[in-house]
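K.L.:
coordinates for the following, if possible.
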Amino acid sequence: MATNVKVVGTDLRQVTIKVNPGTYLTDILEQACEKLKVPSNKFLLKHKQKQLDLSQTFRTSGLAPGAKLELIVRSNTPTAINVALQLPAPESSLFPPSGRITEKLPSDYTLWQVLRQFESGKSSQGKNLNITARGVAQMSNGASAGSGQLYYETPVLTMESRTLSTFADFQKTLSQLGYNSGGVLIRLSFQKTDVTLADAMGEMSQYFKTEGSQEVQKSATTSTTGDDSTSPDVTPPNESSSTPTAEADAVGVAQSGGAVPPPLAPAQTSDAMDVDNPLSDRRPVTIFSAPTSGTPAAALRTDGDEAFAPRIEHAQAHQRLLKSAGENKRLLSDQELAEKAAAEAAKVAAVKSIKIKVRFPDNFSAEWPFGPEDTGAALYTEIRKIMANDTAPFKLVLPPGKTAIKDDNSPSSKLISGYRLSSNTLVNFMWEDTVPVAVRKQPFLKGSAAGQAQKVVIPEVPDVQGEDEAGPSTSLLPSALKSRAEGEGSSGFKKPKWLKGFGKK
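P.N.:
Sure, this is the predicted structure:
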């Protein structure tokens, strides 16, 4: 029985989607996003403050007819999914007793990447599995006679009650199919097609050309050779024997999840000569050497206990803070908000130059001056100039570690106006997770840069004569306490008038 549900977008627009008991929630999400003109791969569905499992159908989801669903923004970080692949005979005999192989894969993997991972990953245990490039010879009535032309045998994936067998289906990710957590069982079978193996390889390269080109472009960008003659084009369809190998290199992914990290160039040895850029193209930099002591200098300073004792002015400041926090405050008007934004913009525009100090993993640090037009990409470029291994991926994080500076030249990535840096700032250098341990243990700076390092000079703070420790001054005491402490005798007690008469005879 057909019914409908309402989907509310993030901008509070509503659309009505017709559903039947067998409609998957992923189809509802795609139809709603299509009507709202938003990308479906960036949103999830929520019903009554509970996120829905998009792999279920409308019947099994427990939703009532006419239910109101909400679009929520999907997290950019993929989750790990336990993917089990049930192999058909005779491949199932290679993995006794169940004929099933299992692996943890990110939810942003396409079905094609999942199949390629099972072909070349550790889960195959080094055994020869051919899932995506199978060919069957054409025979006449099962006899040995015939042309012998190889025809493509496409994989058919059965996931619960869904069957996926086309290249367009294989481009869908696990997340698009509704699998964002937990696990999924994929039953594999093969079906002979009327397409020759060579034509299938050509069609395969067209469907997955974008994915392969992105991997090749990423590798070409991070390569240290800088060979412009290398072309990221896909192998022509007529070279059917070499297409699976080239495609496996482009689309194959690592066992740990995510794209294969680009090859890292080995760090320069100590006897290698560092070639510096011309002085006109370089920004002045000050490099500071790592501290020789394992104890921070602030921990070596000795202060008396009286420096940490609270005083009466601290209590008064705390009382003023509590009083101001308990007062009712009205919301700012539009004019006041505009004035506040204009004041902040004027404050940012008044900043003409700042110094950014980057702390490296080996406790060396470097400092550069930057102007209003400099972006995060300029900071990344300056760091790569002094890195020994400038191809290793890294990120720069502002304290306390929640905001990361992007390697981008857009106006939103400007250091002063984009990240609101108005004074000298300390930035922490952090390696990406794909950087191997061997690269992290190598010297970070080039030999020429490390030779310019200077010791950090700690300024001496002059000793300030402290106040009398007998107690707080009477000038800070309230007038009632001051009058009670002064002029009322040493005892501080005054006999009331009604009590004076009892002492007379």
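
K.L.:
the residue nearest to Arg59 when sequence neighbours are not counted in helix, strand or coil?
P.N.:
Take Arg59 and drop its neighbours on the chain: the residue closest to it by CB to CB, 6 or more residues apart in numbering is Pro21, 3.9 Å away. No exception for glycine: its C-beta is placed from N, CA and C like everyone else's. Under the three-state scheme (DSSP: H, G, I helix; E, B strand; the rest coil), Pro21 adopts coil.

K.L.:
can you count the residues close to Pro21?
P.N.:
11 (other CB atoms under 10 Å).

K.L.:
buried residues in stretch 355-363?
P.N.:
356, 358-360, 362 (16 or more other CB atoms under 10 Å).

K.L.:
what mean pLDDT does it get?
P.N.:
Average pLDDT, stretch 355-363: 91.

K.L.:
same question for stretch 417-425.
P.N.:
Per-residue scores along stretch 417-425 average to 88.

K.L.:
ok, back up a step: Arg420: which of the buried residues of stretch 355-363 is nearest?
P.N.:
Ile356 (13.2 Å; CB to CB).

K.L.:
and the closest one, what element?
P.N.:
Ile356 belongs to strand 354-359 when assigned by DSSP states H and E.

K.L.:
pull the residues that contact that strand.
P.N.:
With CB atoms under 8 Å, 6 or more residues apart in numbering as the test, strand 354-359 has contacts from 365-370, 379, 383, 396, 415-416, 421-429.

K.L.:
CA atoms of it as CSV?
P.N.:
Taking Å, rounded to 0.1, in the frame of the first residue of the first chain, the C-alpha atoms of strand 354-359 are listed here in CSV:
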residue,chain,number,x,y,z
ILE,A,354,51.8,39.6,12.6
LYS,A,355,54.5,37.0,13.4
ILE,A,356,53.6,33.3,13.3
LYS,A,357,55.8,30.9,15.1
VAL,A,358,55.5,27.2,14.1
ARG,A,359,56.7,24.6,16.6
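
K.L.:
just to revisit the earlier point, wait, isn't the residue nearest to Arg59 in contact with Ser61?
P.N.:
No: Pro21 is beyond contact range of Ser61, at 10.1 Å (criterion: CB atoms under 8 Å).

K.L.:
helices of the chain, start to end?
P.N.:
25-36, 111-120, 167-170, 197-207, 209-222, 243-251, 312-326, 334-349, 376-386, 437-440, 447-451, 479-485, 497-500 (DSSP state H).

K.L.:
which of those helices sits most buried?
P.N.:
For the helices of the chain, average neighbour numbers computed from mean count of other CB atoms under 10 Å are highest in helix 111-120, which has a mean of 21.

K.L.:
packing partners of that helix?
P.N.:
If you count contacts as 3 or more CB pairs under 8 Å, 6 or more residues apart in numbering; DSSP states H and E, helix 111-120 packs onto strand 80-86, strand 100-106, helix 167-170, helix 243-251.

K.L.:
which of those comes out lowest on mean pLDDT?
P.N.:
In terms of mean pLDDT, the lowest-scoring of the helices and strands packed on helix 111-120 is helix 243-251 (a mean of 41).

K.L.:
I'd like to know which of the contacts of strand 354-359 are buried.
P.N.:
Buried members of those, scored by 16+ other CB under 10 Å, are 365-366, 368, 370, 379, 383, 396, 415-416, 421, 425, 427-429.

K.L.:
rewinding a little: quick one, grab the pLDDT at the residue nearest to Arg59.
P.N.:
85.

K.L.:
could you do Phe429 as well?
P.N.:
Phe429 is given a pLDDT of 93.

K.L.:
just checking, it touches Leu396?
P.N.:
Yes: counting by CB under 8 Å, Phe429 does reach Leu396; the two are 6.3 Å apart.

K.L.:
which residues do the two both contact?
P.N.:
What both Phe429 and Leu396 touch, as defined by CB under 8 Å, 6+ apart, is the set 358, 383.

K.L.:
now do the contacts for Trp368.
P.N.:
Trp368 neighbours (CB under 8 Å, 6+ apart): 283-286, 355-356, 379, 382.

K.L.:
rewinding a little: give me the distance between the strand holding Ile356 and the centre of its chain.
P.N.:
In terms of CA atoms, centre = their mean, to the nearest Å, the centre of strand 354-359 is found 23 Å from the chain centre.

K.L.:
this completes my enquiry, with thanks.
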